[in-house]
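Undergrad: Show me how the following folds:
(one chain, ligands or ions: 1)
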Amino acid sequence: MTGAARWSEELRSMVGGSVKVNEPLRDHTTLQIGGPVDVMVFPARPDDLVRVVRWCLDRRVPYSFLGFGSNVLAPDEGLEGVLLRTKPALDFIRFEGTRVVVGTGASVARLVAQAAARGLEGVEGLAGVPGSVGGALVMNAGTRMGEIGRSVVWVDLIDEAGRTRRLEAPELEYAYRSSRLQREPRWLVLQAELRLVPGDPSAIRRRVDEALQYRNRTQPLHLPSAGSVFKNPPGHAAGRLIEEAGCKGLRRGGAQVSEQHANWIVNTGGATAEDVLGLMIEVRQRVLQRSGIALEPEIRLLGPLRERWRRATAATA
Ligand SMILES: Cc1cc2nc3c(=O)[nH]c(=O)nc-3n(C[C@H](O)[C@H](O)[C@H](O)COP(=O)(O)OP(=O)(O)OC[C@H]3O[C@@H](n4cnc5c(N)ncnc54)[C@H](O)[C@@H]3O)c2cc1C
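TA: Below you'll find the predicted structure:
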């Protein structure tokens, strides 16, 4: 029996939910890219998640987390170890007045819709952002209309030693598309409390609708992508820099710099992680040559891709 088959057998006997072996990551990422992960667990209840993390720590099995896969580039060769998905275990939203306690497996779209229906402001800036609340908390997802970090009161997580901890907002160091959670890949975020503000329900709904319409006009939503690939450097729009460097429409295999939005790389069919990574390196190089600005990825590079990016860009970091 292979290591993965043995792990999956043990995990099945101790947790609720499903446990899959050699699960293709392309089925769980919006770019539709990525090879098999040894074992993927979809725990049924929150305590199942905690048990899996502690089991991985005891056995020294590598582990990582996935929300809805809308901000990741997964390697063609797949991932080693155990990948934990936060849905369905942590898919809950509980409003108490102007506060909401939300599980990290809940969808951002549902949170935005439920807050709008209750006439609560604070998360409408996330309208149209795909993904889970967990991914949003880690990435400090948002738009010019606002980021999730500014509404966070606290988050509960399991740390690298398997202990549950509560961190208050100031400890999370929220900044543009950045948080302390990103620098702690062994932390599994379980739930968060958000503080919202009473507002006018019809005005909130109008802002949400306008945001969705704007996206439909300006973003290549008909092709698989992970949204913006690079962060906006201070004082600049990454898309503008990429366009000015002549990268719009640039191709590598099935990956292409979108004609519609230069900071998006789309999968036009059969793109590999190597195609996307190669294109990212080329775009960064061209922008650097033209403007002297080194773009930083916004999307998360999983497994060995992070090191490949680091090596390819080290000389000009
Ligand atoms: C069409 C499109 C449009 C987009 N537009 C926007 C936008 O306007 N603004 C914006 O900010 N982003 C945007 N994005 C990017 C993406 O939707 C966000 O970053 C989103 O918050 C990611 O959530 P996710 O659940 O998909 O995270 P994933 O991609 O699954 O994970 C992202 C990272 O978070 C980690 N993670 C996820 N959940 C947890 C958890 N519970 N505990 C610990 N770590 C966790 C993962 O390990 C990974 O490192 C867009 C993406 C697409 C495809």
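Undergrad: got the residues of the stretch 101-250 of the chain near the ligand?
TA: Residues of the stretch 101-250 of the chain lying close to the ligand (Cβ under 6 Å from any ligand atom) are 104, 129-132, 134-136, 138-139, 141-143, 187-189, 221, 225-227. Any C-beta I mention is one placed from the backbone N, CA and C, and that applies to glycine too.
Undergrad: Any of the residues you listed buried? List them.
TA: 104, 129-132, 134-136, 138-139, 141-142, 187-189, 221, 225-227 (16 or more other Cβ atoms under 10 Å).
Undergrad: so Arg110 is in which element?
TA: Assigned by DSSP states H and E, Arg110 falls within helix 108-117.
Undergrad: What's the mean pLDDT across that helix?
TA: What helix 108-117 shows for mean pLDDT is 97.
Undergrad: In that helix, which residues are buried?
TA: 108-109, 111-116.
Undergrad: Touching, Gly69 and Thr29? I think so.
TA: Yes. Assessed by Cβ atoms under 8 Å, Gly69 is found in contact with Thr29 at 3.8 Å.
Undergrad: more neighbours, the two?
TA: The residue with more neighbours, out of Gly69 and Thr29, is Gly69; 26 against 23, by other Cβ atoms under 10 Å.
Undergrad: Run through the residues that contact that one.
TA: Contact partners of Gly69, counting by Cβ atoms under 8 Å, 6 or more residues apart in numbering, are 25, 28-30.
Undergrad: again, only this time at 7 Å
TA: 28-30 (Cβ atoms under 7 Å, 6 or more residues apart in numbering).
Undergrad: host element of it?
TA: Applying DSSP H and E, one finds Gly69 in no helix or strand.
Undergrad: And it, its phi and psi?
TA: Gly69 adopts backbone torsions of phi 70, psi 30, taken as degrees, to the nearest 10.
Undergrad: Distance check, it against Leu167.
TA: Separation of Gly69 from Leu167 (Cβ to Cβ, to the nearest Å): 24 Å.
Undergrad: mind giving me TSV with the buried residues of helix 108-117 and columns for distance to Glu77?
TA: Below are the buried residues of helix 108-117 laid out as TSV (distance: Cβ to Cβ, whole Å):
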residue	distance to Glu77
Val108	30
Ala109	32
Leu111	34
Val112	36
Ala113	38
Gln114	40
Ala115	40
Ala116	42
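Undergrad: with the residues you listed in mind, which one is nearest to Arg94?
TA: Nearest to Arg94 out of these is Gln114 (Cβ to Cβ; 10.2 Å).
Undergrad: mind checking how far the closest one is from the ligand?
TA: 17 Å (Cβ to the nearest ligand atom, to the nearest Å).
Undergrad: now Arg60
TA: Taking Cβ to the nearest ligand atom, one finds Arg60 at 19 Å from the ligand.
Undergrad: give me every residue that touches that residue.
TA: Arg60 touches nothing, counting by Cβ under 7 Å, 6+ apart.
Undergrad: on that earlier part again, and the contacts of Gly69 near the ligand, which?
TA: The residues of these that also fall near the ligand, by Cβ under 6 Å from any ligand atom, are Thr30.
Undergrad: Secondary structure and pLDDT for the contacts of Gly69 - can I get that in TSV?
TA: Shown next, in TSV, are those (DSSP: H, G, I helix; E, B strand; the rest coil; pLDDT from 0 to 100):
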residue	secondary structure	pLDDT
His28	helix	98
Thr29	coil	98
Thr30	coil	98
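Undergrad: how about CSV for the contacts of Gly69, with distance to Glu193 added?
TA: Listed next are the contacts of Gly69 as CSV, based on distance: Cβ to Cβ, whole Å:
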residue, distance to Glu193
His28, 28
Thr29, 29
Thr30, 27
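Undergrad: List just the nearest of the contacts of Gly69 to Gly125.
TA: Minimum distance to Gly125 across the contacts of Gly69 is 19.9 Å, recorded for Thr30 (Cβ to Cβ).
Undergrad: Much appreciated, bye for now.
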